[in-house]
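In: Give me the fold of what follows.
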Amino acid sequence: MPAIVRNIFEQYVKDTYGLEDCIAVNNGTSALIAALWSLDLQPGDEVITTPFTFIATSNAILIAGARPVFVDIDPDTYLIDPGKIEKAITASTRAIIPVHLFGRVCAMAKINQIASEHNLVVIEDTAQAFGAECHLGPAGMLADAGTFSFYKTKNISTFEGGMICIPRGSKLNSRKVRSICDQGQVGKYNHEYIGFNFRLAEPLCLMALEQMKIHMTGIKSELGLRGPEQGHYPKVVYQQPAYIRRDITADCPVAEKVAAKIADQSMKK
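Out: Numbers count the residues shown, from 1 in each chain. Next up is the predicted model:
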């Protein structure tokens, strides 16, 4: 059956933001996995990200075959500290995943500059900041790819869902990313890559499309009212049992302090 509504939705987003491609997927985690999977990561490869995020960010890195390297956050913004990224780069580093949180956008100009100097891919995790903007433009459209979530708690919701936005000039192969989301197909029953069924169902595409058309102004206004208490993380990722067992650790005292502080404030409410 032709994906009529999904095609319309994807084209709407492409045209609205001037993208090379937009791929509607079944959730935000799938979006991250597909983008990372397209890089052909190998054992020993590293991807830099923040420990102050939902665990899906670093889980996607592990599932794609690399190892997450955690960089501490800025105490004022709670976003990855660009001043600490360069020290974490090694010969094994392949990508950086900055995570926009609470409607705040990471320091993308600095992050992109660092990535360019070291030939790294930048994938923006925009699950918590759809509609957010900075002086460079909309969050999720400022690097090689942006991944989004339409989970029930997000400001655009299809209960489950997400998308991958690939701007023009990206280092990612958009054709390959799209193929990975459709069982690796390039043409019917011609499977060029190993892939998955990450497609977003037609009715959910319609839900997302109508919300984007009608509610973007309200979404941008709402983002300004949100704060860390709207989506706190009581532990940094590497303090979770699954990561302790894998001996994945880091030294991120600011992130640990912020997570503990927000968890304590939430307990008192």
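
In: what number of residues lie near the residue nearest to residue 92 when sequence neighbours are not counted?
Out: Sequence neighbours aside, residue 46 is the residue nearest to residue 92 in space, at 4.6 Å (criterion: Cβ to Cβ, 6 or more residues apart in numbering). C-beta here means a position set from N, CA and C on the backbone, and glycine is covered the same way. Counted by other Cβ atoms under 10 Å, the residues lying close to residue 46 total 19.

In: Bridging across strands, which residues link to residue 46?
Out: When bridges are called by DSSP bridges, residue 46 pairs up with residue 67, residue 93.

In: That one: what's it in contact with?
Out: Shown in contact with residue 46 (Cβ atoms under 8 Å, 6 or more residues apart in numbering): 66, 67, 68, 69, 90, 92, 93, 94.

In: was I right about the second one contacting residue 246?
Out: By that I understand residue 67. No - if you go by Cβ atoms under 8 Å, residue 67 and residue 246 don't touch, sitting 9.0 Å apart.

In: quick one on the thing from earlier: restricted to buried residues, select the contacts of residue 46 in ChimeraX.
Out: Selection of the buried residues among the contacts of residue 46 in ChimeraX, burial being defined by 16 or more other Cβ atoms under 10 Å:
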select :66,67,68,69,93,94
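
In: now, among the contacts of residue 46, which is nearest to residue 202?
Out: residue 66 (32.9 Å; Cβ to Cβ).

In: Can you list the low-confidence ranges for the chain?
Out: 1-2, 215-232, 263-269 (pLDDT under 70).

In: mind running it again at 50?
Out: Applying pLDDT under 50 to the chain flags the ranges 224-229, 267-269.

In: quick one: the strands in it?
Out: Secondary structure of the chain, counting by DSSP state E: strands at 19-25, 46-49, 67-70, 93-97, 121-125, 133-134, 137-138, 145-149, 162-167.
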